[in-house]
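S.K.: What follows is a predicted protein model with its sequence.
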Amino acid sequence: MNKIYSKIADLRSKFKQMCFGITTNENEIDDAVQELYLYFLQMNPDSLKTIYEKDGEDGIIRYGAVVLRRALTSPRSPFYYKYKKYYTRISSLYGSNTTQDHKEIKKNLENLPEPKVDKGDLIKLEKIDRELAKLYWYDKKIFELYYHDGNTLDSLAKKTKISRNSLFTTIDKVREILKKELIDE
C-alpha cells in the first residue's frame, strides 16, 4: 500500500492541473487536492489496490479526476461544506460582494473588519431591554438566563433547582409581554 500512496503523492501536480479546468483559484485547488488525498487515505485499501492493479497510475488519475470534479462542482460534496460554503459565508459577513481569495484575508483578529450591523436590529434590542427593565426581577432574570446564556430549559432547571414547567411558564409569559409591547409601539 505504501507504494500506491507514494505514487498518489507524486501525482499532485497532475491533480492540480486538472483543477485549473474548473477553477483558477489556487487556494480552492490546493484545498481540493488535499481533500482528494484525504479521500484516498480513507478509501477502502482493497478498492484502491484493485484500481491500481487493474489500470496502474492511469486508473488513479482517472479516479482522482472524478473525485476532484465532484468536489469542485457539487454543492453536496464534503469539499463544498468544509471550504467553499465556509469561506463564502465569511466573505458575506464582512460585506464583500465577491468571494475573496482566502489567502488575502489577514489572520490577525485586529485586521478583521467589523461585521455589518443593522441599526433596526439595535433599535429592537434597545426596546427589548427597556421592556425587560420594567418587569419583575425574577421574570427578567429567568428570561436573561435562558436567552443570553444559551441554556436549555432542562439545563436551566438543573442549575437553578426550579422546575422545568415553572421556567417555561415564566419565559412564555415574558415572551408574550414583549410581543404585545413591541407590536404596540
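M.R.: Thanks, I have the structure now.
S.K.: tell me the domain boundaries of this structure?
M.R.: 2-106, 119-184 (automatic domain parsing).
S.K.: least reliable of those going by mean pLDDT?
M.R.: Ranked by mean pLDDT, these bottom out at domain 2-106, with a mean of 77.
S.K.: ok now it, how far from the chain's centre?
M.R.: With CA atoms, centre = their mean, to the nearest Å as the basis, domain 2-106 stands 18 Å off its chain's centre.
S.K.: Name the stretch among the domains of the chain that sits most buried.
M.R.: Highest mean neighbour count of those: domain 2-106, a mean of 14 (counted as mean count of other CB atoms under 10 Å). In short, each C-beta sits where N, CA and C put it, glycine included.
S.K.: Give me the packing partners of the biggest helix by length in the chain, helices and strands only.
M.R.: If you go by DSSP state H, the chain has its longest helix at helix 45-73. Secondary-structure packing of helix 45-73 (3 or more CB pairs under 8 Å, 6 or more residues apart in numbering; DSSP states H and E): helix 2-10, helix 12-19, helix 26-42, helix 78-79.
S.K.: tell me the angle of the first one relative to helix 45-73?
M.R.: With axes from the mean of the first three to the mean of the last three CA atoms, to 10 degrees defining the directions, helix 2-10 sits at 20 degrees from helix 45-73.
S.K.: by how many degrees do helix 2-10 and helix 12-19 diverge?
M.R.: Computed by the same axes, to 10 degrees, the angle separating helix 2-10 from helix 12-19 equals 50 degrees.
S.K.: list the contacts for the closest residue to Ala65 other than its chain neighbours?
M.R.: Sequence neighbours aside, Met18 is the residue nearest to Ala65 in space, at 5.3 Å (criterion: CB to CB, 6 or more residues apart in numbering). Neighbour list for Met18: Gly64, Ala65, Leu68 [criterion: CB atoms under 8 Å, 6 or more residues apart in numbering].
S.K.: From Arg76, how far out is the nearest residue in space to Asp30 that is not next to it in sequence?
M.R.: Nearest non-adjacent residue to Asp30, counting by CB to CB, 6+ apart: Lys16, 7.6 Å away. As judged by CB to CB, to the nearest Å, Lys16 and Arg76 stand 23 Å apart.
S.K.: With Tyr5 instead?
M.R.: Counting by CB to CB, the gap from Tyr5 to Arg76 is 27 Å.
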